[in-house]
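Asks: Pasted the sequence and its predicted model underneath.
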Amino acid sequence: MGFYKGFYEGFIPNALRVSLKNLYRWPMVISFPNFFRAVIPKRLTDRYPGVNKILTGLSIAGIESFIICPLERIKVFLMTNERNVTLRVFLQENRGHLTQNLFHGIKPQLYRQIVSWTTFLWFDFKAKQIARKIHNIESDEHLGESTLVLISLAVGAGNTSMRQSTPIILENLTCINA
């Protein structure tokens, strides 16, 4: 009985967090590239075909940072506070400087999100472009499932390596600027 209780402890908050992220992420991932494709001049997209992916990544990163940062701050407060506290206690203790405390750490959060989203969308774009070239497939044709699995693995590896190096780079930049 103890294993199952410990295994599922925290399931509801995590499920809510993941659900919330998917609630706003997918509409942005689907609609932003189309929006940028419509507003960016054709001569620019012809010269830089992945520009709408980069702008999509930057836009999602900015929006997501302002959603995630306050939630992470509250989560850390509730998890690290030794006494049994509630959200109401957090709000009372931060009265007068709530916004400042909720968005404390927004810069590193924004940098991480920018690296994560732009590299993910860029690697996905480039990997699909390369796969289409290898298989002689036009840009409007669908790639096969096995090709998409390989692309997913490559994109995941590239994105993870970039995301993993971000905290180290940010820490070094912080030490240099201090």
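Replies: Received it, and whenever you're ready, just let me know what you need.
Asks: Quick one, grab the pLDDT at Asn172.
Replies: Note on Asn172: pLDDT of 68.
Asks: Return the set of buried residues in the longest helix along the chain.
Replies: Ranked by number of residues, the top helix in the chain under DSSP state H is helix 145-177. Residues 147, 151, 154-155, 158-159, 162, 166 are the ones in helix 145-177 that count as buried (16 or more other C-beta atoms under 10 Å). (C-beta placed from N, C-alpha, C; glycine too.)
Asks: Tell me the one of the residues you listed nearest Arg88?
Replies: Nearest to Arg88 out of the buried residues of helix 145-177 is Thr166 (C-beta to C-beta; 34.6 Å).
Asks: what's near enough to touch the closest residue in space to the closest one that isn't next to it in sequence?
Replies: Leaving aside its sequence neighbours, Thr166 sits nearest to Val115 (C-beta to C-beta, 6 or more residues apart in numbering; 4.7 Å). Residues in contact with Val115, defined by C-beta atoms under 8 Å, 6 or more residues apart in numbering, are 162-163, 166.
Asks: Asn101 now?
Replies: The contact partners of Asn101, by C-beta under 8 Å, 6+ apart, come to 73, 94.
Asks: hmm, back to that, secondary structure element for the residue nearest to Thr166, which one?
Replies: helix 106-134 (DSSP states H and E).
Asks: tell me the angle of that helix relative to helix 145-177?
Replies: Comparing the axes of helix 106-134 and helix 145-177 via axes from the mean of the first three to the mean of the last three C-alpha atoms, to 10 degrees yields an angle of 150 degrees.
Asks: For helix 106-134, what is the distance to the chain centroid?
Replies: Taking the mean of its C-alpha atoms, helix 106-134 sits 10 Å from the chain's own mean (C-alpha atoms, centre = their mean, to the nearest Å).
Asks: what does the average pLDDT come to for that helix?
Replies: Per-residue scores along helix 106-134 average to 92.
Asks: Give me the buried positions along that helix.
Replies: Buried residues in helix 106-134, defined by neighbour count with 16+ other C-beta under 10 Å: 108-128, 131-132.
Asks: ditto for stretch 17-29
Replies: Under 16+ other C-beta under 10 Å, the buried positions of stretch 17-29 are Met28.
Asks: just the buried residues of helix 145-177 now: which is nearest Ser65?
Replies: Thr166 (13.3 Å).
Asks: Isn't that closest one up against Gln109?
Replies: No: using C-beta atoms under 8 Å, Thr166 is not in contact with Gln109, being 10.9 Å away.
Asks: Spatially nearest residue to Ile67, not counting backbone neighbours?
Replies: Closest to Ile67 by C-beta to C-beta, 6+ apart is Tyr24, at 6.7 Å.
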